[in-house]
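Visitor: Here is a sequence together with a model predicted from it:
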Amino acid sequence: VGVALGLTDILLFLGVREPPHVSVRDRHPLALLVEPVRHREYRTFLRFLCAWRVGLAIIGAFAFFYFLEVLHVRLEYLILLQCLQFGAQAMAAKTWGRLADRHGYRPIFTVCVLLKPAFAVGLFLLTPGNAVWILMPMMALDGLLNGGVRVATNGYSMKRAPRENRSMFLAAASGLTGICSGAGAIATGALLTCLGGWTLRLQGMTFNKYHLIFALSLVLQIGCLFLIRAVRDPGRSRTHHMLADLFRVAT
């Protein structure tokens, strides 16, 4: 079934009209490769996005293993929770797109980066007895925020990248950040291996090595609030104006 759906997805692209391609001539391939990093405005976006993806990878690579092996959450529950996360992301996509058209991309990044650490904080509250019930609102909120970051990332990349060599700018937004994300996950795995059975008793609570990497991810995500302030998005609205618009629509 998975293979059939994958092939269907590919075949659906046959009906997608592609805009005329702008060829880049008489430029060295290395110059094209490094242009996104040398672009002053786009470089601030890449710096934020790389740090953001590393912060998420630290949790994302090991959270489900933690749920299964430490909290003993049943696999079918985790699958349903992940479906809830993806469903929330899909439902919010249209709203995020409308807000991006009206207010720009940086306000969306700001709101999502501000609220995203709630997931990392929630991980410290989980126990084998309450994990499923606490994870339900956590996964739903996480899906909403993931939708916002994805819309803002794609929109900003398309808007700020020059028409010439645009594909290289888009590749940097996914490829370079992917390399950083993978490296972060590998380094975190090595750290977990080195920590072994590390635990810490504090104020009557026991913390293990997974809590340590969750705290590290939380610090990185909070640090991204400062990086996002350097990202230029001309014509954007103030974040509180976007929030006022969002609450007006919700009511």
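Guide: Received the coordinates, thanks.
Visitor: can we go C-alpha only for contacts and neighbour counts from here?
Guide: Fine.
Visitor: Give me the neighbour count for L135.
Guide: Using other Cα atoms under 10 Å, the number of residues around L135 comes to 21.
Visitor: What confidence value was assigned to V24?
Guide: pLDDT recorded at V24 is 69.
Visitor: residues in contact with F214?
Guide: Contacts for F214 (Cα atoms under 8 Å, 6 or more residues apart in numbering) come out as 58-59, 120, 123.
Visitor: Mind checking which of those land in helices?
Guide: Residues of those located in helices (DSSP state H): 58-59, 120, 123.
Visitor: Using CSV, lay out those together with pLDDT, distance to L46 and neighbour count.
Guide: Listed next are the ones in helices among the contacts of F214 as CSV, based on pLDDT from 0 to 100; distance: Cα to Cα, whole Å; neighbours: other Cα atoms under 10 Å:
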residue, pLDDT, distance to L46, neighbour count
I58, 91, 18, 27
I59, 91, 20, 24
A120, 92, 23, 22
L123, 92, 28, 21
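Visitor: How many residues are close by N146?
Guide: 22.
Visitor: So the residue nearest to it when sequence neighbours are not counted, which state does it fall into?
Guide: The shortest distance from N146 to any residue other than its chain neighbours is 6.4 Å, reached at Q89 (Cα to Cα, 6 or more residues apart in numbering). At Q89, secondary structure determined by DSSP: H, G, I helix; E, B strand; the rest coil is helix.
Visitor: Q89 contacts M139, correct?
Guide: No. In this structure Q89 lies outside contact range of M139 using Cα atoms under 8 Å: 9.9 Å.
Visitor: Which of these two has more residues huddled nearby?
Guide: Q89 (23 against 20).
Visitor: From the chain's centroid, how far away is stretch 166-173?
Guide: Mean C-alpha position of stretch 166-173 versus that of the full chain (Cα atoms, centre = their mean, to the nearest Å) differs by 17 Å.
Visitor: correction: stretch 239-251
Guide: 22 Å.
Visitor: in that stretch, what counts as buried?
Guide: Neighbour-count burial for stretch 239-251 flags 239, 242-243 (criterion: 16 or more other Cα atoms under 10 Å).
Visitor: Equivalent analysis for stretch 122-132, please.
Guide: 123, 126, 131-132.
Visitor: Do a quick rundown of the strands in the stretch 51-200 of the chain.
Guide: 199-202 (DSSP state E, counting those that start in this stretch).
Visitor: just curious, which of the buried residues of stretch 122-132 is nearest to I222?
Guide: Closest approach between those and I222, by Cα to Cα: L123, at 15.8 Å.
Visitor: and that closest one, what does it touch?
Guide: Neighbours of L123 in contact, by Cα under 8 Å, 6+ apart: 211, 214.
Visitor: how close does it get to V132?
Guide: Per Cα to Cα, to the nearest Å, L123 is found 12 Å from V132.
Visitor: What of I58?
Guide: I58 is 21 Å from V132, by Cα to Cα.
Visitor: so what's A161 closest to, chain neighbours aside?
Guide: F169 is the one closest to A161 (Cα to Cα, 6+ apart), at 6.0 Å.
Visitor: separation between that neighbour and F65?
Guide: 34 Å.
Visitor: out of these two, which sits in the more crowded spot?
Guide: F169 (26 against 13).
Visitor: ok, that one - contacts?
Guide: 35-36, 157, 161 are the contacts of F169 under Cα under 8 Å, 6+ apart.
Visitor: Fine by me, thanks again.
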